[in-house]
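# how does the following fold in three dimensions:
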Amino acid sequence: MQKSFRYILFNKPYGILSQFSNESDEITLKQFKLPEKVYAAGRLDKDSEGLLLLTNDGAFIHRMSDPKFNKEKTYWVQVEGSITPNAIFELQNGLAIENYMTKKCKAKILTNMENYPPRDPPVRFRKNIPTSWIEITLTEGKNRQVRKMTAKVGFPTLRLIRKKIAHLSIENISPGQWIELKQEEIESLRTNQ
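Model (predicted):
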C-alpha cells in the first residue's frame with residue numbers, strides 16, 4: 001500500500017517556532033490546526049516570517065533542504081538604512097561570512113513597500129534612520145544567512161519574509177493561514193532543475 005503524502009504551504013507569522021513541540025512557553029506550529037505528522041521542509045527562524053513547506057514525504061524534505069538541489073528561495077528583507085547599489089552588487093557576488101563564501105545570488109532594491117502590511121509586533125521605528133526593502137533569491141540556506149549577508153554589507157535586517165520557494169508563493173495566503181497543495185503543484189520541485 002502506497003503512503004499518502006501531504007504537502008502544506010503555510011504563511012508562518014513572526015514569533016512562531018517552525019516545529020510542533022517545545023519545552024518552553026514559546027508558540028509553535030501546533031496552534032494552527034495543521035494536519036498531523038507533517039514536518040517542515042527546511043528552516044524558517046522564529047523571528048522570520050513567510051513561506052514554510054510542511055510534508056510527511058521525507059525524500060521531498062531532503063530535496064527541498066539540501067543545497068545541492070539548488071532550489072531558489074526568495075526573501076523580502078527590510079533593512080536599516082537606505083541601501084546602496086554597491087551593497088546590492090556585493091550581495092549578488094558572494095560574501096565571506098563566518099569562514100564561508102556565499103554563492104552568487106539575485107538581489108535588487110524593492111520600491112513601493114510602504115503599503116506592505118506591518119508586522120505584529122511592529123519593527124522598531126527610529127525617526128532619524130530610514131529603512132529600505134530588498135529582494136534576495138538564494139539557492140542555499142545556511143543558518144541566518146540572509147541576516148548575516150545584509151549585516152556584512154552594512155545594512156542590518158529588521159524584517160525577513162520568505163516569499164517564494166521555486167514557483168510556490170504565499171501571495172494570497174494571510175499570515176497564520178495554510179493551504180494544501182496538489183501533487184502536480186509540487187511535482188517540478190522533485191526534479192533536479
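# can I see the domain layout of the protein?
What the record gives for the chain is the domain set 7-67+167-190, 72-165, from automatic domain parsing.
# Serialize the ones you listed to CSV and add fields for mean pLDDT and mean neighbour count.
C-beta coordinates here come from the backbone N, C-alpha and C atoms, glycine included. Shown next, in CSV, are the domains of the chain (pLDDT from 0 to 100; neighbours: other C-beta atoms under 10 Å):
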stretch, mean pLDDT, mean neighbour count
domain 7-67+167-190, 89, 16
domain 72-165, 91, 16
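# are we agreed that Gln19 is in a helix?
No. The assignment for Gln19 by DSSP: H, G, I helix; E, B strand; the rest coil gives coil, which leaves it out of any helix.
# residue contacts, it?
Neighbour list for Gln19: Thr28, Leu29, Ala40 [criterion: C-beta atoms under 8 Å, 6 or more residues apart in numbering].
# grab the nearest non-local neighbour of the second one.
Which is Leu29. The shortest distance from Leu29 to any non-neighbouring residue, by C-beta to C-beta, 6 or more residues apart in numbering, is to Phe20 (5.2 Å).
# next, the residue nearest the centre of the chain: secondary structure please.
Per C-alpha atoms, centre = their mean, the C-alpha nearest to the average position across the chain is that of Arg162, at 2.9 Å. When classified by three-state DSSP, Arg162 comes out as strand.
# got it, and Arg126?
With three-state DSSP as the criterion, Arg126 reads coil.
# distance of it relative to Thr28?
Arg126 sits 31 Å away from Thr28 when distances are taken as C-beta to C-beta, to the nearest Å.
# what's the answer for Ala87, then?
Note on Ala87: its distance to Thr28, by C-beta to C-beta, is 35 Å.
# got the contact list for Glu140?
If you count contacts by C-beta under 8 Å, 6+ apart, Glu140 has them with Pro67, Thr102, Lys103.
# now, which of those lie within strands?
Of those, none are assigned to strands by DSSP state E.
# with respect to Ala166, which of the residues you listed is nearest?
Lowest distance from Ala166 to the contacts of Glu140 (C-beta to C-beta) belongs to Pro67, with 13.8 Å.
# so what pairs up with Trp178 in the strands?
Judged by DSSP bridges, the bridge partners of Trp178 are Phe10.
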